[in-house]
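K.L.:
Provide a 3D model corresponding to the input given below.
(2 chains)
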Amino acid sequence: MKKSAGMTIRAIAAAGITLAVVGLPAVSQRRGGGQAPPGAEASQSTSGSYLIVGSPSDADLDRLLTAIRQVDGVEQAEVRKIPGNTLLRVRAAALGTIIIAAARKAGFELKQTPTRIYQATGPVQSADLAQLRTTLRSLPGVEQVEMALQPGGLALRVRGAISPAELAAALKPAGLTASPVSAFVASGPAAPADVAQLRAALNQLLGVSKIETRAVVGGANLIVYGDVKEEALTKTARASGYGLLTVNEPAGDTQRFTVQGVTNSEDETKLREALRSAGVTGQVQLQRNGQEVRLGVPSGGASGRALAGALREAGFDITPVDTVTLPSIGSEKERITPPAPNERIIDEKTRVGEAAPDFSLLMHDGRGKITLSNSFGKRPVVLIFGSYT
Amino acid sequence: MLVYIREAHPDSILFVNTKSGGKELGVVGQTFAVQDRLDNLHQCTALLQLTMPSVIDSDDNIVNRTYGAWPDRLYAIDTDGKVAFKSGPGPAGFKTPDLAAWLQKNVK
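P.N.:
Numbering: from 1, shown residues only, chains lettered A, B, ... in the order given. As a prediction, this is how the structure comes out:
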């Protein structure tokens, strides 16, 4: 397992820290949250899109927009109809569940727009990439496109409400044949004969062009090439005695560039100031590799084009670097996906020296609650925030 | 106290404990509902044999948002209820030695 909350907790134990244990849980009916200190305001915002499940009427959409616009920190919300889907686009201090929960309260279900990996085969050179990227980004429903040259063609990561057939049609004039590539873990027998039977069964499905398998403890890793419905794959796998688990490849939360013009620490300081002026918040990564300097900035803020313009004025040229790769059958037994996008909290409401916002949260047994303020008095309380992944 | 918040790498494939005491590969998905959060927290505490108090954030993620906690973060709240130590946001800011130093200095 790579880094996980569990491992960070283990690290604490290894560091010899005695964790201050809070008192016995107090049962409280009050919801957690506490008070934010005055003056805590959203400093920056991010954008994101969601698919609206179902076929809402215009009146429904107005109601949804009203609900979303009432969410604290939402600056802008709009709906956009594209063939087969309706999208909700939101610009807000924080996205994720806040938006989904607000929509649910108003009677709507939202889904994150999917990210798919494609393999495109055909004649393509690095000089073609900019035009191809522009073409794909102009398609209705497409939000983000990353591409990288591969032997014999391209690897693409496309986020947005666009079908594989629509994407393939858009690439066809360039002489490219595009097809989705999906990664799964099949949970079940790992014996070669069983895995081979699974592979043969899935190969029969309409749309499947190729399947790679690799047995692992507890089942097999699968790579499926072709435009095939996940439901069909799941049903067929189940009939062969396997549970099929999708390995999503969400877009990374970092935009990457190469930078020209950074030669010393003064340049680096100037670059960081220019990024701040362009609205970039969060952790900026700068790495020097020989003559090349690589820049990583959190996604969701200024677009690559806006960043390029702002940095050019400061004397720097940046070029986007795409890091998309096709799924690999891999040899690992476990797989860690990239960090979830749009989850980082920009608008913090805690400060050292100020009162800790109180909360009352459900305990692991699902019954009692622990109220933070009931634990104050004898010893400090350590809070370790984390998750399973 | 361990506070379970939103998953950092949702849909990762990890080993999880089975009811029969074994282990199997499973997808650890993002959690929206209370039961899903309890399930993931159980997996985490069982796998690591944790005994510290542990809680789940509510479905509106209010504690995560208030504390700027995602993906992981460390705090120490002093006996007067004030924030005494606050790490940077993880993973880069999740520095246990800094917390250890604070505790060694301030907890007798």
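K.L.:
can you give me the strands for chain B?
P.N.:
With strands called from DSSP state E, chain B shows them at B:2-4, B:12-17, B:23-28, B:54-56, B:73-77, B:83-86.
K.L.:
Let me have those strands in JSON lines, extended by distance to A:Pro123 and mean pLDDT.
P.N.:
Bear in mind the C-beta positions are built from the backbone N, C-alpha and C, glycine included. As requested, the strands of chain B are exported to JSON lines (distance: least, C-beta to C-beta, whole Å; pLDDT from 0 to 100):
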{"stretch": "strand B:2-4", "distance to A:Pro123": "50", "mean pLDDT": "97"}
{"stretch": "strand B:12-17", "distance to A:Pro123": "36", "mean pLDDT": "78"}
{"stretch": "strand B:23-28", "distance to A:Pro123": "38", "mean pLDDT": "77"}
{"stretch": "strand B:54-56", "distance to A:Pro123": "53", "mean pLDDT": "96"}
{"stretch": "strand B:73-77", "distance to A:Pro123": "49", "mean pLDDT": "96"}
{"stretch": "strand B:83-86", "distance to A:Pro123": "54", "mean pLDDT": "96"}
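K.L.:
With mean neighbour count and distance to chain A added, can I get these in TSV?
P.N.:
Listed next are those as TSV, based on neighbours: other C-beta atoms under 10 Å in any protein chain shown; distance: least, C-beta to the nearest C-beta, whole Å:
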stretch	mean neighbour count	distance to chain A
strand B:2-4	26	5
strand B:12-17	21	4
strand B:23-28	20	4
strand B:54-56	24	4
strand B:73-77	25	4
strand B:83-86	20	5
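K.L.:
Give me the domain ranges for chain B.
P.N.:
B:1-68, B:72-108 (automatic domain parsing).
K.L.:
Deepest-packed of those, please.
P.N.:
domain B:1-68 (a mean of 19; mean count of other C-beta atoms under 10 Å in any protein chain shown).
K.L.:
how far does that one sit from the chain's center?
P.N.:
Counting by C-alpha atoms, centre = their mean, to the nearest Å, domain B:1-68 is centred 8 Å from the centre of its parent chain.
K.L.:
hey, least reliable of the domains of chain B by pLDDT?
P.N.:
Of all the domains of chain B, the minimum mean pLDDT falls on domain B:1-68 (a mean of 87).
K.L.:
quick one: terminal-to-terminal distance for that domain?
P.N.:
This stretch, domain B:1-68, spans 16 Å end to end (C-alpha to C-alpha, to the nearest Å).
K.L.:
near chain B, which residues of the stretch 201-350 of chain A?
P.N.:
A:216-219, A:245-248, A:250, A:283, A:333-340, A:343-350 (C-beta under 8 Å from any C-beta of the partner chain).
K.L.:
sorry, back to before: which one of the strands of chain B lies nearest to A:Arg288?
P.N.:
In terms of C-beta to C-beta, the element of the strands of chain B nearest to A:Arg288 is strand B:73-77, at 29.0 Å.
K.L.:
C-terminal to the lowest-mean-pLDDT helix or strand in chain A, which secondary structure element comes first?
P.N.:
Lowest by mean pLDDT, DSSP states H and E among the helices and strands of chain A is helix A:5-14, with a mean of 35. On the C-terminal side of helix A:5-14, the closest following helix or strand by DSSP states H and E is strand A:46-52.
K.L.:
Who are the packing partners of that following strand?
P.N.:
Secondary-structure packing of strand A:46-52 (3 or more C-beta pairs under 8 Å, 6 or more residues apart in numbering or on different chains; DSSP states H and E): strand A:85-92, helix A:97-105, strand A:110-112.
K.L.:
I'd guess A:Leu154 is in a strand, am I close?
P.N.:
Yes - counting by DSSP: H, G, I helix; E, B strand; the rest coil, A:Leu154 is part of a strand.
K.L.:
correct me, but it touches A:Met147?
P.N.:
Yes - using C-beta atoms under 8 Å as the test, A:Leu154 is close enough to A:Met147 to be in contact (5.3 Å).
K.L.:
Mutual contacts of those two, please.
P.N.:
Residues touching both A:Leu154 and A:Met147 (C-beta atoms under 8 Å, 6 or more residues apart in numbering or on different chains) are A:Leu132.
K.L.:
A:Ser138: neighbouring residues, count only.
P.N.:
When neighbours are defined as other C-beta atoms under 10 Å in any protein chain shown, A:Ser138 has 9 of them.
K.L.:
actually A:Gly153, not the one I typed
P.N.:
20.
K.L.:
okay, the helices and strands packed on strand A:46-52, which one's buried deepest?
P.N.:
strand A:85-92 (a mean of 20).
K.L.:
Each with direction, which strands does that strand pair with?
P.N.:
Strand pairing for strand A:85-92, using DSSP bridges, gives strand A:46-52 (antiparallel), strand A:74-82 (antiparallel).
K.L.:
Report the inter-axis angle for the first one versus helix A:97-105.
P.N.:
Interaxial angle of strand A:46-52 relative to helix A:97-105 (axes from the mean of the first three to the mean of the last three C-alpha atoms, to 10 degrees): 30 degrees.
K.L.:
mind saving the C-alpha coords of strand A:46-52 as CSV?
P.N.:
This file holds the C-alpha atoms of strand A:46-52, laid out as CSV (Å, rounded to 0.1, in the frame of the first residue of the first chain):
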residue,chain,number,x,y,z
THR,A,46,-12.6,26.7,-8.4
SER,A,47,-14.8,25.5,-11.2
GLY,A,48,-16.4,22.1,-11.9
SER,A,49,-19.1,20.4,-13.8
TYR,A,50,-21.7,17.8,-12.9
LEU,A,51,-24.1,15.7,-14.9
ILE,A,52,-27.7,16.2,-13.9
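K.L.:
helices or strands up against the next helix or strand after it?
P.N.:
Following strand A:46-52 in sequence order, the next helix or strand is helix A:58-69 (DSSP H and E). Contacts defined by 3+ C-beta pairs under 8 Å, 6+ apart place helix A:58-69 against strand A:74-82, strand A:85-92, helix A:97-105.
K.L.:
Mind giving me the packing neighbours of the last one?
P.N.:
In terms of contacts (3+ C-beta pairs under 8 Å, 6+ apart), helix A:97-105 is packed against strand A:46-52, helix A:58-69, strand A:85-92, strand A:110-112.
K.L.:
rewinding a little: could you save the strands paired with strand A:85-92 as TSV and add columns showing mean neighbour count and distance to A:Asp358?
P.N.:
Converted to TSV, the strands paired with strand A:85-92 look like this (neighbours: other C-beta atoms under 10 Å in any protein chain shown; distance: least, C-beta to C-beta, whole Å):
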stretch	mean neighbour count	distance to A:Asp358
strand A:46-52	20	28
strand A:74-82	15	25
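K.L.:
A:Gly152 contacts A:Thr121, correct?
P.N.:
Yes - A:Gly152 lies in contact with A:Thr121 (C-beta under 8 Å); the separation is 5.3 Å.
K.L.:
Neighbour count: these two, which is higher?
P.N.:
Using other C-beta under 10 Å as the criterion, A:Gly152 and A:Thr121 rank with A:Thr121 on top: 15 against 11.
K.L.:
Leaving out chain neighbours, which residue sits closest to that one?
P.N.:
What sits nearest to A:Thr121 in space, not counting adjacent residues and going by C-beta to C-beta, 6 or more residues apart in numbering or on different chains, is A:Gly153, at 4.0 Å.
K.L.:
Would you pull up the residue in the stretch 201-350 of chain A closest to chain B?
P.N.:
A:Glu348 (3.7 Å; C-beta to the nearest C-beta).
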